[in-house]
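J.: Sequence first, predicted model second:
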Amino acid sequence: MSFKKPINHHPKLETNKLGLTRRDYEGAVSTLCAGCGHDSISAAIIESCFKLNIEAYKVAKLSGIGCSSKAPAYFLEQSHGFNSVHGRMPSVATGANCANRDLMYLGVSGDGDSASIGLGQFVHAIRRQVDMVYFVENNGTYGLTKGQFSATNDLESKNKYGEDNLFKPIDLATMAIQLGATYVARSFSGDRDQLVPLIMGAMQHKGFALLDIISPCVTFNNHDSSTKSYDYIRDHNEAVGKTDFVPLGEEISTSYKEGSSTEISLHDGSKLTLEKTDANFDPRDAGKALNFIREKEKEGKVVTGLLYVNDLAKDLNETLNVTQTPLSQLQQDVLCPGSKILEEINQSLS
Amino acid sequence: MHEVKSVESIQSVNDFVIKFANVNGSGSASANQMFAKAMFRMGIPVSPKNIFPSNIQGLPTWFEVRVNEKGYLGSRGGVDIAVAMNPQSYSKDVDEILPGGYLLYDSTWKRNFNRKDITIIEIPLTQLCVDAFKNPKQRPLFKNIAYVGALSVLLNIEYEVLKNIISEQFIKKPALIEPNLKALNLGRNYVLKNLPYPLGITVARADKLKDKILISGNEAAGLGAVYGGATFCSWYPITPSTSLAEGYEKYAKKFRIENNTGKNLFASVQAEDELAAIGMAIGANWNGARGFTATSGPGISLMSEFLGLAYFAEIPLVLFNVQRGGPSTGMPTRTQQSDVLACAYASHGDTKHVVLFPSDPKECFDFSAQAFDLADQLQTPIFVVSDLDMGMNDWVSDKFKWDDEYKYNRGKVLNKEDLDEIESFGRYLDIDNDGICYRTYPGTHPEKGAFFTRGTSHDEYARYTEDGEVNAATLSRLMKKFRTASELVPEPIIEINGEDSCGVIFYGSTSPAVHEAKDILKEKEINIDLMQIRSFPFNLDVWEFIANHDRIYVVEQNRDSQMRTLIMAEGGISPEILRPLVHFTGDPIQASYIVNKISEREVNYKSHINAKNR
C-alpha cells in the first residue's frame, strides 16, 4: 500500500532558493523496516535536492526490484518514478535518458539488482556513460525473499541463521572504476555528513556517477557475524577524507594543509573539495585509487568517500551526437520527411 | 558447348525459375541481385530469394529467382536454369533441374553430369577472369559478374539495363564501373563467340511494373519507422531482423539531421542483449519519445518479462518480430510464421498484445508507421510481425505513399496547460470509458501529473495496492482497451469468389502463394474465398467471414497451426470449421502445395456431400 504523508508544515520550516522546504522533497511513507538504511539514503537524497534547489519535476527516478527499488516512492513526490523489472533499471534509464536529456536521472538499485541479475546492464550503462546518478543501496542480502546471500556479501560474513557464505563478493565500486565510470563513491547510510556532499557531487556530475552505499538490513544482515551491519561498518570504515560540496558562486571557506586537499570542478561550475587523510590517495587517478582501496581492504578496512572522479566525461547523448532538444519534444515537421522525399525514395527503388 | 539431350528443352518467355548456387562469402550476392534488378527494370515481375546458411564464409548458399510475367511471385519449386558455381553442392543443384532445363557451370574444371535430359552450358569463367584480371582478389568477384554477362546473351537481357545498374551501383566508386563492365562483357563475348544463343527460355521487356518498387520488408519497415516519427531505436543483432534496425539508421542518417547543427534527430543504440534492447525502448517511450526495437523469435522470449511490464504499466512500444525457424535457435536463416502465439500472448499473467501482420513491403512500411500511432493511442506494445522471407528478400511492391495532411496521433497525453485545468490527476482513471487513460510525460508540470510507474498491482492513481478487487478492475479495463484496439487495427482483406466456396485464411508472406493457388484452383473449378488477416485482436469482419463459411483452411508456416489456435481461442470457433494447412520446412510455401492440399480435401468434401444428398 502507498500512504501519503499529511501535508501540514510547521510554519517556520527552512526554505531553499525555490521557496521549498525539505518536506516538499519527500515522498510517500516508507514501508521498509524501521531502521532500514535505505530510509536514511532517501533522507540524504531529499537533503541533497533541497540544498541544490532542484526542481523535483525535472527529475526522473528509476529502479529495479527489491527493497532498494521501492525507495524511489519515498522521496521526490513531484518526480515521475519508474519501478521496472529486476535488474533492468539501467536499460530503462538509458532509453529515458536518450529521449530527454534535460532531466536528471536517479537510478536506485540494490546489490541483488545490480551485482547479480542486472550485472550486465549495470556494466553496459557505465560503458555507455549514461548521464545518471546510480545508487546501489548495498546490504549484502536479499531482504524481500527473507535473507539469502547476495553477490556483494563478504566471504567471511555469515547470514542470520549462522550459515557460511561460500563465494567471494563482487565489488561494484572498483568494478565501476575499471569500467570507466567517471564518478565513483562509496559511503555508508549511517554517515549522513559524508553521504550528502557525495550525492550532491554526483548530481552535478555529468556522466555516470555510482554511489555504492552500504546500507544495513536491520532484519536480515545486521547481526554480529555480518560485515554489512551498522556496528561492523562503523568499526571498519576508512574514509579517504572529508568531502565538501561547494555550490556555484560560493567561496571555499575551509583552509586545508598544503598537499592534503583536492579540488574537483563539476559540470555546472560547483566544486567538490576533498580533505585527504592519506597523501597517496588521488581520486583523479584510477590506478592509485584502486591500489589504495585494495591495500586498505587487506587491512580489513572498508574504504569510503569519493573514490574516483573524472570530469571530462562524454556522455551517451554526446557520443551519439544527439540534438540538444529532447527527442521527446521533436514534432512531426522535423521528424517526417514527407511525400516528396518518399517519391524520390520510390524512384531510387525502381 | 551444348550436349545432346533426351528431352525437349523448356521453352518459355518471362516465365522461369533460375537458381544460382554459390559459396557463401564469395561476393555472389550483388551479382545475383543485379540479375534480379535487370528483370525488374525490364518490367518483368521477379522474386529473388536468398537461401543462405548460418555462416560467414565457405558453406553453400543459393539465390533463387522466379521470373513470372503474370505476377505470380511466390516460391514455385523446380529449377529451369541452374547456375552452379559451387562444386560442393553440384549433385543437389543438378538433381533439382527440371527435365528439359539448363545447367550453366564453370567449365574451367570440366565435369560429367549424369543428366541426359538437360542442356549443359560450359563457360570457363575462372579461366576467363584469370586471363583478364590481374588482381587475384577481384577475380572471384568478377567471375560472378561474368556469368550475369553470359546469361544476358543466353536469355536476351538488355545490355543497357545491366550497364545502368552497374553505373548506379558504383556511383560512389566510379573506378569500379569500368572493370565491372569488362567482366560483364567477358561473359557476353564468350557466349557470342562460342555458344548457341538464346536458350529456349528468354526474357522480353514487359510493362508490368509501373508504380512498383523492389525492396525488402525490413528496409521498408525501417523507413516506415522514420516516417512514423520514431526517434529511438534499440536493438540487438539477430538474423533476420538486423537489417530492419540498419534500415532505420540508414534512412535516419539521411533525413533526420538537424539543419543548423548537423546533430541527429534520433538515437539508435545497439544494446548488450534483447532484454536491454526492449528496456531502453520502454524507457524512451515512457519518457515521451517514439521508440522501437526489432528482433526475432529468441528475442521475443528474452523480452517477454518486459512485455508484461509494458502491457500492465501501459507504456507504448513498437516491437518488430521478423520471424525465423524455431523452436530454440532453430533454423536462424530460414523462414517460418511460428511466433504467432508467442507474440499474441507474450509474458506471464493475463496478457494480450496487439499484433500487426504485414504481407508485403508496402504493408511493412504502412504498418510500421501506423504502429507508432497505435502504440501511443493504446498505450501498449504493438507487435509488427513479418518473417525472414519478406524481411530479408527484395519483393516487388506497390510504391510507398504518404499523405502530408496526416498528423501523428500521440494519444491521450496531458500537457502543462491541460494539467493546470484539472483538479487531480489519476494515471489510470478510465475517464472516456474506452479503457484508455491519460498519461503525462516526466518533466511536464511542477506540481501536477507526476506518478509512479510500476509493474506491481496499482490503483487508478498508480499507487501500489494489494486489493484484489482493484487489481481485477485493472485487468478488466485492459480487456476493454483490447476491445477498443480491435476497432483501430487494420481490418482483414476479404475476397469472395462464389457461392458455397470454402474459405481460406492466411496472413503475412504466404500471400503470393495463396493468390496463385486461388487462380490454379479456379481452373480446377474449386473456388476459394480469401481472408488475409492483418491484425490481432480480430475485428468483426473476421468473425463474419468465419461465420459465413462451414469449412476454412488456415494457411500458415508453422507446425501447430498457431493462427488457427488463436482464432479458436479468441472466438470460440469449432475446430472442425478451421482446418490446418501448414508448411514448416523453413522454405517459403508454394502455390502447388496449397493447391494439392485444398483440392484433395475439397474433392473428399464434395464426394461426401454428394453421398449424403443421394
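T.: It's in.
J.: Which pLDDT value goes with B:A294?
T.: Predicted confidence (pLDDT) for B:A294: 98.
J.: err, A:S255, not the other one
T.: pLDDT, A:S255: 68.
J.: ok, A:K271 - contacts?
T.: Going by C-beta atoms under 8 Å, 6 or more residues apart in numbering or on different chains, A:K271 touches A:F245, A:V246, A:I252, A:E263, A:I264, A:S265. Glycine gets a C-beta too; all of them are placed from N, C-alpha and C.
J.: Tell me the one of the residues you listed nearest chain B?
T.: Relative to chain B, the closest of those is A:F245; by C-beta to the nearest C-beta it sits at 24.5 Å.
J.: Around chain A, which positions in the stretch 451-600 of chain B sit nearby?
T.: The stretch 451-600 of chain B comes close to chain A at residues B:F451, B:F452, B:T453, B:R454, B:G455, B:T456, B:R463, B:Y464, B:T465, B:E466, as judged by C-beta under 8 Å from any C-beta of the partner chain.
J.: hmm, try it at 6 Å
T.: B:F452, B:T453, B:R454, B:R463, B:Y464 (C-beta under 6 Å from any C-beta of the partner chain).
J.: now chain B
T.: Neighbours of chain A within chain B, by C-beta under 6 Å from any C-beta: B:213-215, B:227, B:229, B:231-232, B:255, B:258, B:263-265, B:267, B:272, B:276, B:279-284, B:287-289, B:305, B:309, B:399-400, B:402, B:404, B:408, B:442-443, B:446, B:450, B:452-454, B:463-464.
J.: Which ones among these lie within strands?
T.: Counting by DSSP state E, the residues of chain B next to chain A place B:I213, B:L214, B:I215, B:F232, B:A267, B:F452, B:T453, B:R454 in strands.
J.: In JSON lines: those, plus pLDDT and neighbour count.
T.: Formatted as JSON lines, these follow (pLDDT from 0 to 100; neighbours: other C-beta atoms under 10 Å in any protein chain shown):
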{"residue": "B:I213", "pLDDT": "98", "neighbour count": "23"}
{"residue": "B:L214", "pLDDT": "98", "neighbour count": "21"}
{"residue": "B:I215", "pLDDT": "98", "neighbour count": "27"}
{"residue": "B:F232", "pLDDT": "98", "neighbour count": "27"}
{"residue": "B:A267", "pLDDT": "98", "neighbour count": "28"}
{"residue": "B:F452", "pLDDT": "96", "neighbour count": "25"}
{"residue": "B:T453", "pLDDT": "97", "neighbour count": "24"}
{"residue": "B:R454", "pLDDT": "96", "neighbour count": "24"}
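J.: what's the most distant pair in these?
T.: B:L214 and B:F452 (49.5 Å; C-beta to C-beta).
J.: Next secondary structure element downstream of the helix or strand hosting A:S42?
T.: Assessed by DSSP states H and E, A:S42 sits inside helix A:37-51. Later in the chain than helix A:37-51, the nearest helix or strand by DSSP H and E is strand A:59-63.
J.: Report the angle between that following strand and helix A:37-51.
T.: With axes from the mean of the first three to the mean of the last three C-alpha atoms, to 10 degrees as the basis, strand A:59-63 and helix A:37-51 are set at 170 degrees to each other.
J.: tell me the SS of B:N22?
T.: In three-state terms, and counting by DSSP: H, G, I helix; E, B strand; the rest coil, B:N22 is strand.
J.: right, and it touches B:P60 too?
T.: No: at 7.6 Å, B:N22 does not count as touching B:P60 under the criterion of C-beta atoms under 6 Å.
J.: out of those two, which sits in the busier spot?
T.: A side-by-side neighbour count of B:N22 and B:P60, using other C-beta atoms under 10 Å in any protein chain shown, places B:N22 first with 24 against 20.
J.: what's the pLDDT at the more buried one?
T.: Listed pLDDT for B:N22 reads 95.
J.: Report how many residues lie close to the residue nearest to it when sequence neighbours are not counted.
T.: Of all residues not flanking B:N22 in the chain, B:S28 sits nearest, at 3.7 Å (C-beta to C-beta, 6 or more residues apart in numbering or on different chains). Look at B:S28: counted by other C-beta under 10 Å, it has 26 neighbours.
J.: Same check on B:P174?
T.: 9.
J.: helix, strand or coil for the nearest residue in space to B:V46 that is not next to it in sequence?
T.: Leaving aside its chain neighbours, B:V46 sits nearest to B:M39 (3.9 Å; criterion: C-beta to C-beta, 6+ apart). Secondary structure, three-state DSSP: B:M39 is helix.
J.: can you tell me how far B:M39 sits from B:A591?
T.: B:M39 sits 20 Å away from B:A591, taking C-beta to C-beta, to the nearest Å as the criterion.
J.: what about the stretch 201-350 of chain A, any weak spots by pLDDT?
T.: When residues are selected by pLDDT under 70, those of the stretch 201-350 of chain A lie in A:253-256, A:258-259.
J.: can we see that at 80?
T.: A:249, A:251-260, A:312-313 (pLDDT under 80).
J.: Would you mind naming what in it lies close to chain B?
T.: The stretch 201-350 of chain A has residues A:320-323, A:327-328, A:330, A:332, A:334-339, A:342, A:346, A:349-350 near chain B, with proximity defined as C-beta under 6 Å from any C-beta.
J.: please redo it, this time with the cut-off set to 7 Å
T.: Within reach of chain B by C-beta under 7 Å from any C-beta of the partner chain, the stretch 201-350 of chain A has these residues: A:320-323, A:327-328, A:330, A:332, A:334-339, A:341-342, A:345-346, A:349-350.
J.: likewise the stretch 1-150 of chain A?
T.: Residues of the stretch 1-150 of chain A lying close to chain B (C-beta under 7 Å from any C-beta) are A:1-2, A:55, A:57-58, A:60, A:73, A:77-85, A:88, A:91-96, A:98-100, A:102-103, A:120-121, A:124.
J.: Filter the residues you listed down to the buried ones and hand me the PyMOL line.
T.: The buried subset of these, as determined by 16 or more other C-beta atoms under 10 Å in any protein chain shown, is captured in PyMOL by this line:
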select buried, chain A and resi 2+57+58+60+73+77+78+79+80+81+82+83+84+85+88+91+92+93+94+95+96+98+99+100+103+120+121+124
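J.: can you give me the helices for chain A?
T.: Applying DSSP state H to chain A gives helices spanning A:37-51, A:67-70, A:89-99, A:111-112, A:119-128, A:172-179, A:192-204, A:230-236, A:286-298, A:316-319, A:332-335, A:338-348.
J.: Out of the ones you listed, which is closest to B:G200?
T.: Relative to B:G200, the nearest member of the helices of chain A by C-beta to C-beta is helix A:338-348, separated by 35.1 Å.
J.: got the buried residues for that closest one?
T.: Burial within helix A:338-348, assessed by neighbour count using 16+ other C-beta under 10 Å, is assigned to A:S339, A:I341, A:L342, A:I345, A:N346.
J.: same deal with stretch B:8-21?
T.: The neighbour-count check on stretch B:8-21 (16+ other C-beta under 10 Å) flags B:S9, B:I10, B:V13, B:N14, B:D15, B:F16, B:V17, B:I18, B:K19, B:F20, B:A21 as buried.
J.: Tell me which of the helices of chain A sits most buried.
T.: Of all these, helix A:89-99 has the most neighbours on average by mean count of other C-beta atoms under 10 Å in any protein chain shown, namely a mean of 32.
J.: Redo the buried residues of helix A:338-348 as a markdown table? Include distance to A:D191.
T.: As requested, the buried residues of helix A:338-348 are exported to a markdown table (distance: C-beta to C-beta, whole Å):
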| residue | distance to A:D191 |
| --- | --- |
| A:S339 | 63 |
| A:I341 | 59 |
| A:L342 | 61 |
| A:I345 | 61 |
| A:N346 | 65 |
